[in-house]
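>>> pasted the sequence and its predicted model underneath.
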Amino acid sequence: MDTNTHRRLCGVLGVGLLALAGGGVALVGAALFRTPTTAVQVVLIGAAGLLDAVAAFRNPVTARIDWFRLGGLANVALGLALPVGVLGWGGGGRGTLLLAVTALGGLSLAAIGVDMALYAGAHVYERPLDAANRVKGS
């Protein structure tokens, strides 16, 4: 998959996450923010969507920060949002199992995001996402 395809997918994901966060706020309204964990989850999902949407297009932000680093930060935010939402559901055996599963999935997504943000995806993809910008031999 080429870099442009990765970048377009960031845009699609970003718009979807923004629609999800915005739709949740529109449907539920201010009641959504009565539970702190739900509020944090919605903010993290919205932040992930915004970062992905910004990363998808050439703009002043991506002129200063590589698009894949923004996408990596978006993955970290989305990875943190997964288990945060489960924290407000209460305890019990099922709650603990669900928290463990979402935490594992969230940490996996966050690890991919850290790799993208710090190492240009060198450990996740077959080649770093900034390989076209690297000077041969460096």
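Perfect, I can see it now.
>>> quick one, strands of this structure?
For the chain, none of the segments meets the definition of strands by DSSP state E.
>>> residue ranges with poor pLDDT in it?
Filtered on pLDDT under 70, the chain yields the residue ranges 1-3, 88-95, 127-128, 130-138.
>>> roughly how far out does the helix ranked longest in it sit from the chain middle?
Counting by DSSP state H, the longest helix found in the chain is helix 92-119. Put simply, helix 92-119 sits 12 Å off its chain's centre (C-alpha atoms, centre = their mean, to the nearest Å).
>>> and that helix, what's buried?
Of all the residues in helix 92-119, those buried under the rule 16 or more other C-beta atoms under 10 Å are L99, T102, A103, G106, L109, A110, I112, G113, V114, D115, M116, A117. All C-beta atoms are positioned from the backbone trio N, CA, C, and that covers glycine.
>>> please name the nearest non-neighbouring residue to the fifth one.
Spatial nearest neighbour of L109, excluding adjacent residues (C-beta to C-beta, 6 or more residues apart in numbering): G79 at 3.5 Å.
>>> what does the fourth one give?
In space, G106 comes closest to L82 once its chain neighbours are excluded; the distance is 3.6 Å by C-beta to C-beta, 6+ apart.
>>> quick check: the one you found touching T102?
Yes. Counting by C-beta atoms under 8 Å, L82 touches T102, with 4.6 Å between them.
>>> right, I'll call it a day here.
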